[in-house]
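J.: from the sequence below, what's the structure:
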Amino acid sequence: MTIQTILILLLVGIAAGMLSGLVGIGGGLIIVPALIFFLGFSQKLAQGTSLGILLLPIGILAVLQYYKAGFVDVKTVWLVAVGFLAGGYFGSRIALSLPQETVKKIFAIVLLVIAVKMFFIDKKIKEPTITNEKADSSLQNSLPHHKQDTNS
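T.: Numbering: from 1, shown residues only. Predicted structure coming up:
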């Protein structure tokens, strides 16, 4: 993993954490699109990795299913989680210092920007076809920088 990738992942975590603390959003609305847009993750890899970041205590069964299929990037999970922890703290501090109407407007703008981007701007990313329940090793080797970490 390059320094640039690590910095992107930490910034995604900080942004998601801040927006989570600020307006109560993060995973599906921030992390998933950021992983797809900035790092070229497939939708399923982004979703599985986001679940790993946000839902391990309560979504462990969902994370395990994505992990078994090869759709969780474990290194990304930990790096974005660290950024999310810091961002959540600062985002909540900012939100608590702002009037409710301002926070509501920020939330609406974030939702609108993401919707417009996903509807009009997103590029199509081809998803590899999986022929069985588990992703085979050839599929894993064909995904750049997103190999399943078997050391964890």
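
J.: list the buried residues for the helix or strand harbouring Ala16?
T.: Applying DSSP states H and E as the criterion places Ala16 in helix 3-23. By 16 or more other CB atoms under 10 Å, the buried positions in helix 3-23 come out as 8-10, 12-23. Placement of C-beta: from N, CA and C, glycine included.

J.: ok, and what's touching it?
T.: 25-27, 29-31, 34-35, 38-39, 53, 76, 79-95, 103, 106-107, 110, 145 (CB atoms under 8 Å, 6 or more residues apart in numbering).

J.: centroid residue for the protein?
T.: For the chain, the residue sitting closest to the mean C-alpha position, by CA atoms, centre = their mean, is Ile31 at 2.8 Å.

J.: the residue nearest to that one when sequence neighbours are not counted: how many residues sit nearby?
T.: Spatial nearest neighbour of Ile31, excluding adjacent residues (CB to CB, 6 or more residues apart in numbering): Ser50 at 4.5 Å. By the measure other CB atoms under 10 Å, the count of residues near Ser50 is 30.

J.: circling back: which residues does the residue nearest to the centre of the chain contact?
T.: 12-13, 16, 46, 49-50, 53-54, 80, 84 are the contacts of Ile31 under CB under 8 Å, 6+ apart.

J.: among the residues you listed, which two are most distant?
T.: Ala46 and Phe84 (14.8 Å; CB to CB).

J.: could you list the low-pLDDT ranges of the chain?
T.: Within the chain, the ranges that satisfy pLDDT under 70 run 27, 56, 58, 125-152.

J.: can you give me the helices in this structure?
T.: Taking DSSP state H, the helices of the chain run over residues 3-23, 32-39, 43-54, 56-68, 74-97, 100-116, 137-142.

J.: C-alpha coordinates for the first one, PDB please?
T.: Going back to what we said before, that points to helix 3-23. Taking only C-alpha atoms (Å, rounded to 0.1, in the frame of the first residue of the first chain), the coordinates of helix 3-23 have been written out as PDB:
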ATOM      1  CA  ILE A   3       1.800   6.400   1.200                       C
ATOM      2  CA  GLN A   4      -0.700   8.200  -1.100                       C
ATOM      3  CA  THR A   5      -3.200   5.400  -0.700                       C
ATOM      4  CA  ILE A   6      -2.700   5.400   3.100                       C
ATOM      5  CA  LEU A   7      -3.300   9.200   3.200                       C
ATOM      6  CA  ILE A   8      -6.400   8.900   1.000                       C
ATOM      7  CA  LEU A   9      -7.800   6.200   3.300                       C
ATOM      8  CA  LEU A  10      -7.100   8.300   6.500                       C
ATOM      9  CA  LEU A  11      -8.700  11.400   4.900                       C
ATOM     10  CA  VAL A  12     -11.800   9.300   3.900                       C
ATOM     11  CA  GLY A  13     -12.000   8.100   7.500                       C
ATOM     12  CA  ILE A  14     -11.600  11.700   8.900                       C
ATOM     13  CA  ALA A  15     -14.300  13.000   6.400                       C
ATOM     14  CA  ALA A  16     -16.700  10.200   7.200                       C
ATOM     15  CA  GLY A  17     -16.100  10.500  10.900                       C
ATOM     16  CA  MET A  18     -16.600  14.300  10.800                       C
ATOM     17  CA  LEU A  19     -19.800  14.000   8.800                       C
ATOM     18  CA  SER A  20     -21.000  11.200  11.100                       C
ATOM     19  CA  GLY A  21     -20.400  13.400  14.100                       C
ATOM     20  CA  LEU A  22     -21.800  16.400  12.400                       C
ATOM     21  CA  VAL A  23     -24.900  15.100  10.700                       C
END
